[in-house]
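Visitor: using only what follows, build the 3D model:
(chains A and B)
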There are 2 protein chains.
Amino acid sequence: MPTPAVHIGPGNDPLLTEAVERGGGEVVALADAEALVVVGGHGDLPELHDGIRWVQLPSAGIESWVEAGVLDAGRTWTSATGAYSSSVAEGAVALLLAGVRGIGRAARATSWDNEALDGVQSTLRGSTIAIVGAGGIGRAMVPAFLGLGARVLAVTRRGLPVEGAYETWAADRVGEVFAEADHVVLAAPATSETKALVGAAELAALGPRGWLVNIARGSLVDTGALVEALRDGTIAGAALDVTDPEPLPDGHPLWSAPNAIVTPHSTNPSTLRVPLLAERVTENVRRFAAGEELLGLVDLSRGY
Amino acid sequence: MPTPAVHIGPGNDPLLTEAVERGGGEVVALADAEALVVVGGHGDLPELHDGIRWVQLPSAGIESWVEAGVLDAGRTWTSATGAYSSSVAEGAVALLLAGVRGIGRAARATSWDNEALDGVQSTLRGSTIAIVGAGGIGRAMVPAFLGLGARVLAVTRRGLPVEGAYETWAADRVGEVFAEADHVVLAAPATSETKALVGAAELAALGPRGWLVNIARGSLVDTGALVEALRDGTIAGAALDVTDPEPLPDGHPLWSAPNAIVTPHSTNPSTLRVPLLAERVTENVRRFAAGEELLGLVDLSRGY
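Guide: Next comes the predicted model:
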């Protein structure tokens, strides 16, 4: 088995050096590298010489890299898709539960007011939760929702069955899920097809007891329509880890809506991310050395 | 099968009348009743004539009824223990997840600050969660925690195995769980044995990454010790649905602690409670008519 020569940069973390070595690789200077583990954003990507045959990107969603035009066809690119699934999925479950059980409202209170929380709570037990975009992250939510007594309706690109979901629909039926489900969790990639997927009509279909969770990308939701729906009680609430615009500016109505919870793109915090990226790097370095297919291969024609 | 003559009072709810009838009973005036479904607190209990052979109380925890001395030995008393288990359990899971994933802090923010949430989050995945008092409510949490990838250490009075828990300890070992578990959820009844169960030593054993959740009764926790532990970072945080004193007075340090979440005894809101009580009433009226053992029989010698 060859020893892959891997550069880590421009940043580094001791966990990643360990990860490369645990995968059977050796950490080298960029000039000597045949593989690169990028630590940083797309603006940090160094000039790549022809000897670099594989680049491991640090994020699961890579549209900023695609838009920046830095992914060339001269080598293999892998995203970290799936590596953070369990962490982001847990964040999504936490957001939906916090919404449904009134914890966002309660956290802001400075006075004991049982009445305020009495009428607004509902339960996931017995409810139908649609997961729009049941890739790695969406699938990782399913056991938790089942454990809470909910049932899961999954939407995937092609509608292939998702384990644990009572039904899986193909993406061309996504417009119907807002009427079918009690709550909707957005976990789909940001593409031209998913842009403004959720607008006024979808929110009206979700209805006054429904919660919307977005842990995907802000562009999937028409923010103006959402603000109106929250203000008018068209939906019960929204819990958003991603927004459009992002970062959400100070004074934006989503900050003050009592039925909104905003977390600052933090369902994948570094404390949980670096150990999970390190696991992925170890596995991919091992696969690279063995000539096996890498995890998270980027399809440049699809953009993810 | 006889038709039980049941009085509902002093309050009522159409759902409860339906529930009595669905169980095979008839709703009658108090003077004609052989059974009473109490809607209200212990101060609302009407004078009971000797014909009342069974009283269904509306709450799961009944220490206020016991302390008020209104439970006489002349008839059968049932609490609603277990009826609300799924609702309260869901609230407990929501509180622990909200704590661990920083949602309490995020909900209070009015500005996008990713850094603030980056260092404070941890995950339930791979963690050990101790459920202290694995009765109906505690047991109902287990599937959700397993679905989130945690393992469960249960503590029950006698240590009989709890389904899904990797281990169950008897109550005499409860002091050890704070060192053993990553997070602790209190779900034990308020008795003389559980009073101030959690003090400074237990919080120190729980440690700086541990969350404490209390959905049982405020008396289980030494509030002064908890406030200090939150302020000093002795534990990561606390999510409390019950407090001592309760209601928590305005200006109490728990309202302003960034690592505390307080909900106002609301994990069992009326929106979710009345339908669940109605289900219990139906079942107990059916059992009463059939001469079967009732659910939630109160043991006056134990006080619950």
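
Visitor: how about the helices of the stretch 151-300 of chain A, start to end?
Guide: Along the stretch 151-300 of chain A, counting by DSSP state H, counting those that start in this stretch, helices occupy A:177-180, A:200-206, A:223-232, A:253-256, A:270-290.

Visitor: tell me where the stretch 101-250 of chain A has strands.
Guide: All strands of the stretch 101-250 of chain A, identified by DSSP state E, counting those that start in this stretch, fall at A:128-132, A:151-156, A:167-170, A:183-186, A:211-214, A:237-240.

Visitor: who wins for proximity to A:A5 among those strands?
Guide: Nearest to A:A5, of all the strands of the stretch 101-250 of chain A, is strand A:151-156, at 37.6 Å by C-beta to C-beta. Quick note: C-beta positions are derived from backbone N, CA and C, even for glycine.

Visitor: packing partners for that closest one?
Guide: strand A:128-132, helix A:136-147, strand A:167-170, helix A:177-180 (3 or more C-beta pairs under 8 Å, 6 or more residues apart in numbering or on different chains; DSSP states H and E).

Visitor: that one pairs with which strands?
Guide: strand A:128-132 (parallel), strand A:167-170 (parallel) (DSSP bridges).

Visitor: report the buried residues of it.
Guide: Buried residues in strand A:151-156, counted by 16 or more other C-beta atoms under 10 Å in any protein chain shown: A:R151, A:V152, A:L153, A:A154, A:V155, A:T156.

Visitor: same question for stretch A:277-288.
Guide: If you call a residue buried by 16+ other C-beta under 10 Å, then stretch A:277-288 has these buried ones: A:L277, A:A278, A:R280, A:V281, A:T282, A:E283, A:N284, A:V285, A:R286, A:R287, A:F288.

Visitor: which residues of the stretch 1-150 of chain A lie near chain B?
Guide: A:86-87, A:90-91, A:93-95, A:97-98, A:100-114, A:116-119, A:121-125, A:143-149 (C-beta under 8 Å from any C-beta of the partner chain).

Visitor: residues touching the residue of the stretch 151-300 of chain A found nearest chain B, list them.
Guide: Closest to chain B within the stretch 151-300 of chain A is A:P247: 3.6 Å, counting by C-beta to the nearest C-beta. Contacts of A:P247 were listed using C-beta atoms under 8 Å, 6 or more residues apart in numbering or on different chains, and they are A:P264, A:H265, B:W112, B:N114.

Visitor: tell me the pLDDT at the residue nearest to A:D32 when sequence neighbours are not counted?
Guide: Closest residue in space to A:D32, ignoring its immediate chain neighbours: A:A5 at 5.6 Å, by C-beta to C-beta, 6 or more residues apart in numbering or on different chains. At A:A5, the model reports a pLDDT of 97.

Visitor: list the contacts of whatever residue of chain A ends up closest to chain B.
Guide: For chain A and chain B, the shortest gap (C-beta to the nearest C-beta) falls at A:G147, measuring 2.6 Å. A:G147 is in contact with B:P143, B:A144, B:F145, B:L146, B:G147, B:L148, counting by C-beta under 8 Å, 6+ apart.

Visitor: what would those look like in JSON lines with pLDDT?
Guide: Putting the contacts of A:G147 into JSON lines (pLDDT from 0 to 100) gives the following:
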{"residue": "B:P143", "pLDDT": "97"}
{"residue": "B:A144", "pLDDT": "98"}
{"residue": "B:F145", "pLDDT": "98"}
{"residue": "B:L146", "pLDDT": "98"}
{"residue": "B:G147", "pLDDT": "97"}
{"residue": "B:L148", "pLDDT": "97"}
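
Visitor: among these, which one has the most neighbours?
Guide: Neighbour count (other C-beta atoms under 10 Å in any protein chain shown) singles out B:A144 as the most crowded of those, with 30 neighbours.

Visitor: contact partners for it?
Guide: Per C-beta under 8 Å, 6+ apart, neighbours of B:A144: A:A144, A:G147, A:L148, B:A89, B:E90, B:V93.

Visitor: and the furthest pair within these?
Guide: It's A:A144 and B:A89 that sit farthest apart of the contacts of B:A144, by C-beta to C-beta, at 13.6 Å.

Visitor: excluding chain neighbours, what is closest to A:G164?
Guide: In space, A:G164 is closest to A:V142, 4.0 Å off (C-beta to C-beta, 6+ apart).

Visitor: no, scratch that, I was asking about A:K195
Guide: A:S219 (5.3 Å).
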